[in-house]
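Visitor: got a predicted model here, sequence first, then my questions.
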Amino acid sequence: MTTTQPPVDPARVLALCSGTTFIAFLDFSVVNLAFPDIGKDFPHASINTLTWIVSGYAVLFAALLAPAGRIADSIGRRTVFLVSLVAFTIASLGCGLAPTVGWLIAARFLQGAAAGGMIPAGLGLILASTPRERIPRAVGAWSMAAGFSSVIGPSVGGVLLRVFGWRSVFFINLPFGLLLLLGGLAVLPRHTRGSGDQLPDPVGSVGLGVGIACLVSALTEGDSWGWTDPRTLGLAAFGLALSVLAIARSRRHRAPAVDLGVWRSPVYRLANLGLGLLSLTMFVWMLAAPLFATAIWHWTVLETAGALSIGGVASMVGALLAGRVTGPGRHVRVAVLGCLMFAGSNAIWASSLFGSRPDFWAGWVPAAILGGGGLGLGFTCLSTLAAGTIPPLKFAGGLGMTLAVRQVGGAVGVAGLAAIMAASTRPGSLAAFHHVYAAALAANLCCALVVLGLAAVLRPARAPGPVPAAAAERAG
């Protein structure tokens, strides 16, 4: 007797996988707020040790996006998604119960690794269950969930810290994790096997994951260790070498760690380059804005959190609007508009509107609306263009690489911010912040040029016209 699987509801799959995206990205912002309180509970831990509570999550998250995506395509996206969700929930419990700082860091590593598994698998499930013509809207809704975490994160984190303490920012994941797990067991399609039963090359997968982890670690810790420190240079060189070797091994392996086939598409390559550049400037924007507000304008944490929510709301609106755009040509035009809007935001930040005295309405509000809206438009349209080039059987692997590019781009942005600040005559001064945003403006303009390159790639070749009679006669 055979049983048939009930029909898949794309809306429920989208809601469920967007929920996991929300809690995964929420843990980026909320823990930053909890960092000072965690330090007070572990007074004997050095600041360099404590920073791994934040960076450990980011490093493992970035490292596992690409390998986990390939594994999800091989053994099943549903399986990888649910196992990763269980691991994320258990790791959150471990973080909340951590008796020592070493325990907390280890649990954060596991939490980041689990997030790196469930995000590409979840996005692959969304695209596989969504009709092709509705994929832009699905990507827009997924992007909105990620943006919503940045809107609500500071507020939720502030309330939890004030009322329940820092451990509550991890315990809050437990009820959400359990609800999402029950929903996943009921809603997700059971038959989600991808390109085949053979797992991707384990040697190449480990090499790629460790390589990306080393590169992100070097970029993350370079400011505190020193950019010429042997640890920074050694990690960067080792990570780059491992990544190159993993890619070279993928060229000849039957089940490669990196599916190089998707990279043959010029649209995929240019869309990923644009996403990397946009992520670079987004991370600069997200990190420098609260530093500027508290250090230069002397706003309180709650005032800063409220002001930051303006950009988050604008990003959500931009993502929703971009989700309604159809056609590759229109996606390119809207993505260019998004890059130019974000460039305008950085131009405002680098101007006298952001001086020593607070200027909320003429400075902060227009910069936040332009920046957040531009990010929502740009990320959604570029992600849709990249997804449109990936065969359905390779959704999770291809999108895992795209998400990894975004994370590496973000790490480069944070490293660039730190390097520009350190090179300034007065690090942390108004002039130093203006230099940071001027550099971000240049990167945004480069991103716009890359996206314009997509227009040339997508332009259909012109069909040869009829040969004029006179020319035909001369040609014999």
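Guide: Here it is on my side, so go on.
Visitor: which element follows the longest helix seen in the chain toward the C-terminus?
Guide: Longest helix in the chain by number of residues (criterion: DSSP state H): helix 10-41. For helix 10-41, the following helix or strand on the C-terminal side (DSSP states H and E) is helix 47-50.
Visitor: avg pLDDT for that following helix?
Guide: Confidence for helix 47-50, expressed as mean pLDDT, is 78.
Visitor: need the contact list for residue 62.
Guide: Taking C-beta atoms under 8 Å, 6 or more residues apart in numbering as the criterion, residue 62 is in contact with 116, 212, 213, 216, 404, 407, 408, 411. Bear in mind the C-beta positions are built from the backbone N, C-alpha and C, glycine included.
Visitor: how many residues are close by the nearest residue to the first one once chain neighbours are set aside?
Guide: Here the nearest residue to residue 116 in space, its sequence neighbours aside, is residue 64; by C-beta to C-beta, 6 or more residues apart in numbering that works out to 3.2 Å. Applying the criterion other C-beta atoms under 10 Å, we find 27 residues in the vicinity of residue 64.
Visitor: check contacts around residue 64.
Guide: Neighbouring residues of residue 64 by C-beta under 8 Å, 6+ apart: 112, 113, 116, 117, 209.
Visitor: am I right that the third one is in contact with residue 58?
Guide: Yep, that's residue 116 we're talking about. No - counting by C-beta atoms under 8 Å, residue 116 stays clear of residue 58, with 10.0 Å between them.
Visitor: compare those two (neighbour count), which wins?
Guide: Between residue 116 and residue 58, counted using other C-beta under 10 Å, the more crowded position is residue 116 (31 against 22).
Visitor: tell me the confidence at that one?
Guide: Per-residue pLDDT puts residue 116 at 95.
Visitor: about what we covered before: let's see if you can find the most crowded of the contacts of residue 64.
Guide: residue 116 leads those on contacts (other C-beta under 10 Å) with 31 neighbours.
Visitor: how far does whichever strand or helix holds that residue sit from its chain's centre?
Guide: Assessed by DSSP H and E, residue 116 sits inside helix 101-129. With C-alpha atoms, centre = their mean, to the nearest Å as the basis, helix 101-129 stands 12 Å off its chain's centre.
Visitor: helix 10-41 and that helix, what's the angle between them?
Guide: Orientation check (axes from the mean of the first three to the mean of the last three C-alpha atoms, to 10 degrees): helix 101-129 against helix 10-41 gives 170 degrees.
Visitor: buried stuff in the helix or strand that helix 101-129 is followed by?
Guide: On the C-terminal side of helix 101-129, the closest following helix or strand by DSSP H and E is helix 135-164. Going by neighbour count (16 or more other C-beta atoms under 10 Å), the buried part of helix 135-164 is 135-151, 153-154, 156-158, 160-161.
Visitor: and residue 241, what is it in contact with?
Guide: Residue 241 touches residue 211, counting by C-beta under 8 Å, 6+ apart.
Visitor: quick check: phi and psi on it?
Guide: Main-chain torsions, residue 241, degrees, to the nearest 10: phi -60, psi -40.
Visitor: so how far is residue 204 from it?
Guide: Going from residue 241 to residue 204 by C-beta to C-beta, to the nearest Å gives 14 Å.
Visitor: nearest spatial neighbour of residue 443, chain-adjacent residues omitted?
Guide: Using C-beta to C-beta, 6+ apart, the closest residue to residue 443 is residue 281 (5.0 Å).
Visitor: tell me which element the one you found is part of?
Guide: For residue 281, the host element (DSSP H and E) is helix 266-295.
Visitor: what residues does the helix or strand just after that helix touch?
Guide: Sequence order places helix 301-322 as the next helix or strand after helix 266-295, per DSSP H and E. The contact list for helix 301-322 (C-beta under 8 Å, 6+ apart) reads 33, 136, 140-141, 143-144, 147-148, 150-152, 154-155, 158, 285, 289-290, 293-294, 299, 331, 334, 338, 360, 364-365, 368-377, 379-381, 384.
Visitor: how about low-confidence regions in the stretch 251-400 of the chain?
Guide: For the stretch 251-400 of the chain, applying pLDDT under 70 flags no range at all.
Visitor: for residue 190, which three-state class applies?
Guide: Three-state call for residue 190 (DSSP: H, G, I helix; E, B strand; the rest coil): coil.
Visitor: about what we covered before: which of the contacts of residue 64 lies closest to residue 450?
Guide: Closest approach between those and residue 450, by C-beta to C-beta: residue 116, at 25.8 Å.
Visitor: mind listing what the closest one touches?
Guide: 60, 61, 62, 63, 64, 65, 68, 84.
Visitor: same question for residue 458.
Guide: 267, 328, 329, 332.
Visitor: try it again at 10 Å.
Guide: Listed by C-beta atoms under 10 Å, 6 or more residues apart in numbering, the contact set of residue 458 reads 266, 267, 270, 327, 328, 329, 331, 332, 385.
Visitor: wait, the first one sits on residue 450?
Guide: Same thing as residue 266. No - Residue 266 lies out of contact with residue 450 (C-beta atoms under 10 Å); the separation is 11.5 Å.
Visitor: tell me which of the two has more neighbours.
Guide: Neighbours were tallied for residue 266 and for residue 450 using other C-beta under 10 Å; the higher tally belongs to residue 450 (23 against 14).
Visitor: go ahead and confirm the more buried one touches residue 274.
Guide: Yes - the criterion here is C-beta under 10 Å, and residue 450 meets it with residue 274 at 4.7 Å.
Visitor: joint contacts of those two?
Guide: Common neighbours of residue 450 and residue 274 (C-beta under 10 Å, 6+ apart) are 335, 336, 339, 382.
Visitor: which two of those have the greatest separation?
Guide: Using C-beta to C-beta, the shared contacts of residue 450 and residue 274 span at most 10.3 Å, a distance reached by 336 and 382.
Visitor: more crowded one of the two?
Guide: With neighbours defined as other C-beta under 10 Å, residue 336 and residue 382 compare such that residue 382 has more, 33 against 22.
Visitor: return the residues in contact with that one.
Guide: Contact partners of residue 382, counting by C-beta under 10 Å, 6+ apart, are 139, 270-278, 322, 331-332, 334-335, 338-339, 402, 406, 447, 450-451, 454.
Visitor: ok, back up a step: how about the helix holding residue 116: buried residues?
Guide: For helix 101-129, burial by neighbour count (16+ other C-beta under 10 Å) applies to 101, 104-129.
Visitor: and the contacts of residue 64 as CSV, adding distance to residue 255?
Guide: Putting those into CSV (distance: C-beta to C-beta, whole Å) gives the following:
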residue, distance to residue 255
112, 26
113, 22
116, 20
117, 18
209, 16
